[in-house]
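Trainee: please work out how this folds:
(2 chains)
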Protein chains: 2
Amino acid sequence: MVSWISRRGARPEAPRLRPRVAPTELTKVDFTELVPEPVPFLGQAAYIQLEFFEGLALAVRTAPDLGAKEGLSAAAGIALGKHHDLIAELRRSGVEPVDVMAPFAPATDRLRRAWTDADWYELLLGIHITSGMLDGYFSSLAGGLPADVSRRVRGILDRGGAGTVLETQLASAIAAQPGLADRLALWGRSLVGDTLLIARSALRASDARGLDERVEPIFTELIADHTRRMDALGLTA
Amino acid sequence: MVSWISRRGARPEAPRLRPRVAPTELTKVDFTELVPEPVPFLGQAAYIQLEFFEGLALAVRTAPDLGAKEGLSAAAGIALGKHHDLIAELRRSGVEPVDVMAPFAPATDRLRRAWTDADWYELLLGIHITSGMLDGYFSSLAGGLPADVSRRVRGILDRGGAGTVLETQLASAIAAQPGLADRLALWGRSLVGDTLLIARSALRASDARGLDERVEPIFTELIADHTRRMDALGLTA
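Mentor: The predicted structure follows:
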């Protein structure tokens, strides 16, 4: 369990302005109608994990103390493990992972550049928000892959752990630093657009007929999931 | 096998100026006379792997192409795995790893600062040189630990793979960029002193009687090992 609950109790100056959104399950939307092309899907998913890894490794390198470094290094290891396991899945398909990932670099690099210019807390929140939204989303989308690939890929993407580390670090900083919550709330909001663009691009290879009307509820769920994550930190989404 | 041999054949402009040093085995020196204190030994070894990880992660982030990024991310994963397995070994001893690692931060951070200010190739060579020297050295020193700890710790430290990635990247850059070899040779030489200081500090907890005379052959071997590594890249040590 995360330790922000007691800390939040010490922050009467930051009342929650909106009702808590109940935890949502992305799987409420029927993702199985969406059938991604396995190779580009895996390439994009693998590249995204590499970006999460790079962001987390940067957070390790710039961490204010060795305890934070240690927790974040575990989170970096989780993202790197997901990346390498998705790469292994691509090699199993007989393709060269680097070639398959390359087309997804520009859109994903936009996120990374935003993180890199950010300060340490913004970096942490940036990774927390985007990995929180995209891991669940790609895992749901993987439900449309052939059964054996689907099972393995969901097993990879559903590995948790990194989010808890980020949430713990952020909650403790928000409790300790007046004004940080407001700044982070704005920052979090600024990242949602690029994250949704990445989510949208993952559907490009899918059957496009009637895609828009099927996609709308998925994006509604993604936003609700994001709101819940911000809410858990006491941040306005 | 590394692929630098054929590349070196294409570099008649860079004759080897000194005879190849035969591969040395650090174990020729009797390390078993040196009995490190397990907890600080593991703390220092774990912190050093964290530094290698951070250096490699920086190399991933600043890599010139996705292929290099991919190879280096595997190397970063190896260093991170060693770090986390040494941390697990510390937890098994019932100590808090962060507390145990902290005293070793300043000396090790000196190395990292040198890498961080360096360009990409210097960063790669810096990690290659220091991890090459220190992994072998700490593994040899681990021979003096209690038998079961010794076996596990040597198993962790002897995991290879990262060196080959670094050597391949460096050899290909040295072959392609005139002048790089000279610059890297100077750079490599500048790192040896700090690396030896770290090696020396690992003996501080050992029985100090007659340490100096026992340590001399160890350091001679470390330098020979370093020379062999530089020589493999066609660099003057």
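Trainee: enumerate the residues of chain A near chain B.
Mentor: Within chain A, the positions near chain B by C-beta under 8 Å from any C-beta of the partner chain are A:50, A:53-54, A:57-58, A:60-61, A:66-67, A:69-70, A:73-74, A:76-77, A:80-81, A:83-84, A:87, A:97-98, A:101-102, A:105. Heads up, the C-betas are built off the backbone N, CA and C, glycines and all.
Trainee: now, which of the residues you listed lie within helices?
Mentor: Among the residues of chain A next to chain B, the ones falling in helices (DSSP state H) are A:50, A:53-54, A:57-58, A:60-61, A:66-67, A:69-70, A:73-74, A:76-77, A:80-81, A:83-84, A:87, A:97-98, A:101, A:105.
Trainee: residues contacting A:M101?
Mentor: Neighbouring residues of A:M101 by C-beta atoms under 8 Å, 6 or more residues apart in numbering or on different chains: A:G43, A:Q44, A:A46, A:Y47, A:L50, B:L66.
Trainee: SS state for A:G143?
Mentor: Using DSSP: H, G, I helix; E, B strand; the rest coil, the structure places A:G143 in helix.
Trainee: ok, it to A:D158 distance?
Mentor: Separation of A:G143 from A:D158 (C-beta to C-beta, to the nearest Å) stands at 11 Å.
Trainee: for A:G193, grab the count of nearby residues.
Mentor: Applying other C-beta atoms under 10 Å in any protein chain shown, we find 9 residues neighbouring A:G193.
Trainee: okay, now the residue of chain A found nearest chain B: neighbour count?
Mentor: Per C-beta to the nearest C-beta, A:A57 is where chain A lies closest to chain B, at 3.3 Å. When neighbours are defined as other C-beta under 10 Å, A:A57 has 27 of them.
Trainee: within the helices and strands, which one has the nearest residue to A:L42 once chain neighbours are set aside?
Mentor: Counting by C-beta to C-beta, 6 or more residues apart in numbering or on different chains, A:L42 lies nearest to A:L90, which is 5.1 Å off, once chain neighbours are set aside. Applying DSSP states H and E as the criterion places A:L90 in helix A:66-92.
Trainee: that helix packs against which elements?
Mentor: In terms of contacts (3 or more C-beta pairs under 8 Å, 6 or more residues apart in numbering or on different chains; DSSP states H and E), helix A:66-92 is packed against helix A:38-61, helix A:97-101, helix A:147-157, helix A:162-176, helix B:38-61, helix B:66-92, helix B:97-101.
Trainee: so what angle separates the directions of the longest one and helix B:147-157?
Mentor: Read it as helix B:66-92. Interaxial angle, helix B:66-92 versus helix B:147-157 (axes from the mean of the first three to the mean of the last three C-alpha atoms, to 10 degrees): 170 degrees.
Trainee: before we move on, what about the third one?
Mentor: For helix A:147-157 against helix B:147-157, the angle between stretch directions is 110 degrees (the same axes, to 10 degrees).
Trainee: list the contacts of helix A:147-157.
Mentor: Residues outside helix A:147-157 that contact it (C-beta under 8 Å, 6+ apart) are A:38, A:42, A:45, A:82, A:85-86, A:89, A:135, A:138-139, A:142-145.
Trainee: can you report how many residues neighbour A:R159?
Mentor: By other C-beta under 10 Å, 15 other residues sit near A:R159.
Trainee: now do it against A:R229, distance only.
Mentor: The value you get for A:R159 to A:R229, if C-beta to C-beta is used, is 17 Å.
Trainee: next one: A:R61
Mentor: Counting by C-beta to C-beta, the separation of A:R61 from A:R229 is 25 Å.
Trainee: coming back round to it: what's the closest of the contacts of A:M101 to B:I218?
Mentor: The closest of those to B:I218 turns out to be A:L50 (C-beta to C-beta; 39.3 Å).
Trainee: show the model's pLDDT score for the nearest residue to that closest one once chain neighbours are set aside.
Mentor: Residue nearest to A:L50 in three dimensions, not counting chain neighbours: A:H83, with 4.8 Å by C-beta to C-beta, 6+ apart. pLDDT for A:H83: 97.
Trainee: list the contacts for A:H83?
Mentor: A:A46, A:Q49, A:L50, A:F52, A:F53, B:S73.
Trainee: pick out the residue nearest the middle of chain A.
Mentor: Geometric centre of chain A, nearest residue: A:S131, 1.2 Å, by C-alpha atoms, centre = their mean.
Trainee: so where does that residue fall, helix or strand?
Mentor: Using DSSP H and E, the element containing A:S131 is helix A:120-141.
Trainee: check the offset of that helix from the chain's centre.
Mentor: Centroid displacement of helix A:120-141 relative to its chain, using C-alpha atoms, centre = their mean, to the nearest Å, is 2 Å.
Trainee: just stretch A:65-73 next, same as before
Mentor: Here the centre of stretch A:65-73 is set off from its chain's centre by 20 Å, with C-alpha atoms, centre = their mean.
Trainee: how about stretch A:144-160?
Mentor: Going by C-alpha atoms, centre = their mean, the spacing between the C-alpha centre of stretch A:144-160 and its chain's C-alpha centre is 16 Å.
Trainee: just stretch A:57-77 next, same as before
Mentor: Offset of stretch A:57-77 from its chain centre (C-alpha atoms, centre = their mean): 17 Å.
Trainee: what's the mean pLDDT across it?
Mentor: The average pLDDT within stretch A:57-77 is 95.
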